[in-house]
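In: From the sequence below, what's the structure:
(2 chains)
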There are 2 protein chains.
Amino acid sequence: MKIGILGGGQLARMLALAGYPLGLEFIVLCPSTEACAAPVSEHLLAGFDDNEALKQLADKADVITYEFENVPAEAVEFLSQHNTVYPPPLALATGRDRLKEKTLFNKLGINTASFADITDLPSLQQAVNKIGLPAILKTRTEGYDGKGQFVLRSPQDIEPAWQSLNGVTAILEGFVNFEREVSIIAVRSCTGEMAFYPLSENVHRGGILRLSNSLANDPMQSKAETYATQLLEHLDYVGVLAIEFFQKDNELLVNEYAPRVHNSGHWTIEGAHTSQFENHLRAILGLPLGSTALNSNAAMINLIGEIPESADILKYPDTHLHLYGKSPREGRKVGHITLLDNDKDSLLERVKLLS
Amino acid sequence: MKIGILGGGQLARMLALAGYPLGLEFIVLCPSTEACAAPVSEHLLAGFDDNEALKQLADKADVITYEFENVPAEAVEFLSQHNTVYPPPLALATGRDRLKEKTLFNKLGINTASFADITDLPSLQQAVNKIGLPAILKTRTEGYDGKGQFVLRSPQDIEPAWQSLNGVTAILEGFVNFEREVSIIAVRSCTGEMAFYPLSENVHRGGILRLSNSLANDPMQSKAETYATQLLEHLDYVGVLAIEFFQKDNELLVNEYAPRVHNSGHWTIEGAHTSQFENHLRAILGLPLGSTALNSNAAMINLIGEIPESADILKYPDTHLHLYGKSPREGRKVGHITLLDNDKDSLLERVKLLS
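Out: Below you'll find the predicted structure:
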């Protein structure tokens, strides 16, 4: 079986590394000559708007998936005419549009921060009156890792923020004074089977995920699983999906979901019985899902902007290095480190030492 | 860093899969168009006697290793003139010759079955008189997985066995009525650092490894480590090395060693903190060795001759499938399964179900 992947970044690379042991092969379509997945797959070097390359991908692969949610809707539409594409295009279309996404969650009875549709300056001013300040103006589509986001703290910020959007449609979101951020990695097979990983507690800085901890028996686990089940079933979802939440007063407010394997689930490679990457492949192939149980408490530290000396990481016990084969540049995720420890306190001490 | 590997079979494939997370790249030299490692490496399709290809390998790689011990001595000699080759050629030359290998062990004070050098029919007859029957006639070089071995049960077997060798030099080994077979996977870095995995208890049938169990606290662990230390230091060894033993009456008799990652260590991928493949790479690069501690009791079942339906394996919890991308044929290792279980009895029950 050959898996086709739209995008050839680190997620495609880790999918391929997880898939070879299952006897799978990989072909990626990626416009970058430096695609991280290229050394472990057949690489179609082409743009996502290149229908000839897309047709080749559809012809050569047995099933198609993608590694990022900003893949053009037209490419997915085109591929869907020639092959099976998982996760389903509806999940992609909804997830890439913050307005549709949050509207869906509210429709499912799942809370979000208050939000409003912003189409022009008057609608932004009206939304600020209703939601209050501080609030965050976010483009409806295309933003990730904090890009396309503007924090409004005072009325003076309103007009410049709107100007900087350059007429792009947006939403205004109320500021949530959360206690912590958590995410759940969920997976649903094309057979309907579902599984959920233990919650990750996440720390972002500058809009980029820095750190995830997954500790046994998180008190919010059951609530997060209930929400994830509702979403997966509503979308008739197939594959791995991540939902990010803000926690406040024993409540979970959804921030967003990502219809793909997710940075806050990288710890599953060593930390869980089956990694999120392997389970994504099992799900899109209709294979039985693997156990999502913890091997031990786990933590993941992102490597951003610079690559450490391998020896400085590998000298620590049960500390696992994952480099993506990228050349470093500011703000770029070049790898991650996973730490395992049965003892929570010792794990958190070790994280401090390395982060 | 780019690692060059002589041979492109499943061991090279698993080395590469373990090495990408460390940011490494791979180039393999292998004469087979169906090399298992080809999808995850640059593949030089050439014979081991092709000096031009060997030179290319030496030029492109930062360090060179091999995945099987029958690589021609000339190839290693040639490569050594142009690059660093680990494990050291002495380990290869000794390990591929049963007479030199057993002589070395005895010199180190480590017991083996009794053995004798066989160069002609009279020397074979003389050896039988000394060692007794049953005994095993083995070619000095080239044999693996039971190939090139003849069991002599009665004096009538002597002449036909000698004839079937076709004049190749051999050794005669006394038959050991062992209680069990165990192996140790040992690793020594080019810095001199050493580490040892928990013993594997192995079951062979038809000369091919079928099953390995690695259970906590094997009573022979410390003796095996002492022997391995002596061998590694004597050979000034670098990389992973496996030693196979027969156990009889609380004694370990060495059967043979393999100067490479080894089938009886495949369970380390999920069963140990660091896999034998990653530790081999760390060793030849002078990186700190990773912990060899068990994650839990582990068992490995070889898949030989046919490929099972993935779903029939993956439906079991904490059961890990490893296919090598080979087309099946009789007696061929096409993959393996690893099972993990904290409970020994439950592990051995699960092994029965699948083997």
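In: quick one: the strands in the stretch 1-150 of chain A?
Out: Here the stretch 1-150 of chain A has its strands, by DSSP state E, counting those that start in this stretch, at A:2-6, A:25-29, A:42-44, A:63-66, A:115-118, A:135-139, A:149-152.
In: ok, now the stretch 151-300 of chain A?
Out: Using DSSP E, counting those that start in this stretch, strands in the stretch 151-300 of chain A cover A:170-174, A:180-188, A:194-196, A:200-205, A:208-214, A:239-248, A:251-258, A:297-304.
In: and those strands as TSV, adding mean neighbour count?
Out: For the C-beta atoms, the positions are set from N, CA and C on the backbone; glycine is no exception. Converted to TSV, the strands of the stretch 151-300 of chain A look like this (neighbours: other Cβ atoms under 10 Å in any protein chain shown):
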stretch	mean neighbour count
strand A:170-174	23
strand A:180-188	25
strand A:194-196	19
strand A:200-205	18
strand A:208-214	22
strand A:239-248	23
strand A:251-258	21
strand A:297-304	24
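In: Can you add mean pLDDT and distance to residue B:25 and give those strands back as a markdown table?
Out: Formatted as a markdown table, those follow (pLDDT from 0 to 100; distance: least, Cβ to Cβ, whole Å):
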| stretch | mean pLDDT | distance to residue B:25 |
| --- | --- | --- |
| strand A:170-174 | 95 | 42 |
| strand A:180-188 | 98 | 29 |
| strand A:194-196 | 98 | 34 |
| strand A:200-205 | 96 | 30 |
| strand A:208-214 | 95 | 27 |
| strand A:239-248 | 97 | 27 |
| strand A:251-258 | 96 | 29 |
| strand A:297-304 | 98 | 18 |
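In: Please convert the ones you listed to CSV, extending it with distance to residue A:282.
Out: Shown next, in CSV, are these (distance: least, Cβ to Cβ, whole Å):
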stretch, distance to residue A:282
strand A:170-174, 35
strand A:180-188, 8
strand A:194-196, 9
strand A:200-205, 20
strand A:208-214, 20
strand A:239-248, 10
strand A:251-258, 19
strand A:297-304, 20
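In: tally of neighbours for the closest residue to chain B within the stretch 251-355 of chain A?
Out: Using Cβ to the nearest Cβ, the closest approach of the stretch 251-355 of chain A to chain B is made by residue A:323 at 3.3 Å. Residue A:323 sits with 21 neighbouring residues when counted by other Cβ atoms under 10 Å in any protein chain shown.
In: who's in contact with the closest residue to residue A:258 other than its chain neighbours?
Out: Nearest residue to residue A:258 in three dimensions, chain neighbours excluded: residue A:242, at 4.7 Å (Cβ to Cβ, 6 or more residues apart in numbering or on different chains). Contacts for residue A:242 (Cβ atoms under 8 Å, 6 or more residues apart in numbering or on different chains) come out as A:183-186, A:257-258, A:260-262, A:264-265.
In: please redo it, this time with the cut-off set to 10 Å
Out: A:183-186, A:197, A:200, A:228, A:256-265, A:276 (Cβ atoms under 10 Å, 6 or more residues apart in numbering or on different chains).
In: My understanding was that the residue of the stretch 251-355 of chain A closest to chain B contacts residue B:20; is that so?
Out: Yes. Proximity of residue A:323 to residue B:20 meets the contact threshold set by Cβ atoms under 10 Å, at 8.1 Å.
In: Now do the contacts for the residue nearest the centre of chain A.
Out: Per Cα atoms, centre = their mean, the C-alpha nearest to the average position across chain A is that of residue A:262, at 3.5 Å. Shown in contact with residue A:262 (Cβ under 10 Å, 6+ apart): A:11, A:183-186, A:200, A:209, A:212, A:240-244, A:268, A:276.
In: Start and end of stretch A:204-220, how far apart?
Out: End-to-end distance for stretch A:204-220, by Cα to Cα, to the nearest Å: 19 Å.
In: close to chain B, is that stretch?
Out: No. Judged by Cβ under 10 Å from any Cβ of the partner chain, stretch A:204-220 makes no contact with chain B; its nearest approach is 14.8 Å.
In: and that stretch, how far out from the chain's middle?
Out: In this view, stretch A:204-220 has its centroid 13 Å away from the chain centroid, taken as Cα atoms, centre = their mean, to the nearest Å.
In: go on, stretch A:202-219?
Out: With Cα atoms, centre = their mean, you get 13 Å for stretch A:202-219.
In: what's the span of it, first residue to last?
Out: 15 Å.
In: Flag every residue of the stretch 151-300 of chain A that's near chain B.
Out: A:269-270, A:273-274, A:278, A:282, A:285-291, A:293, A:295-296.
In: Out of those residues, which is nearest to residue B:236?
Out: Closest approach between those and residue B:236, by Cβ to Cβ: residue A:270, at 32.4 Å.
In: Skipping adjacent residues, who's closest to residue A:298 in space?
Out: residue A:271 (3.0 Å).
In: so the one you found sits right up against residue A:339, yeah?
Out: Yes. Judged on Cβ under 10 Å, residue A:271 makes contact with residue A:339 at a distance of 8.9 Å.
In: joint contacts of those two?
Out: The contact lists of residue A:271 and residue A:339 share A:296-300, A:320, where a contact means Cβ under 10 Å, 6+ apart.
In: The longest helix anywhere in chain A packs against which elements?
Out: Criterion DSSP state H: the longest helix present in chain A is helix A:221-234. For helix A:221-234, the packing partners by 3 or more Cβ pairs under 10 Å, 6 or more residues apart in numbering or on different chains; DSSP states H and E come out as helix A:89-95, helix A:98-107, strand A:180-188, strand A:194-196, strand A:239-248, strand A:251-258.
In: Swap in 7 Å and give it another go.
Out: If contacts are counted by 3 or more Cβ pairs under 7 Å, 6 or more residues apart in numbering or on different chains; DSSP states H and E, helix A:221-234 sits against strand A:180-188, strand A:194-196, strand A:239-248, strand A:251-258.
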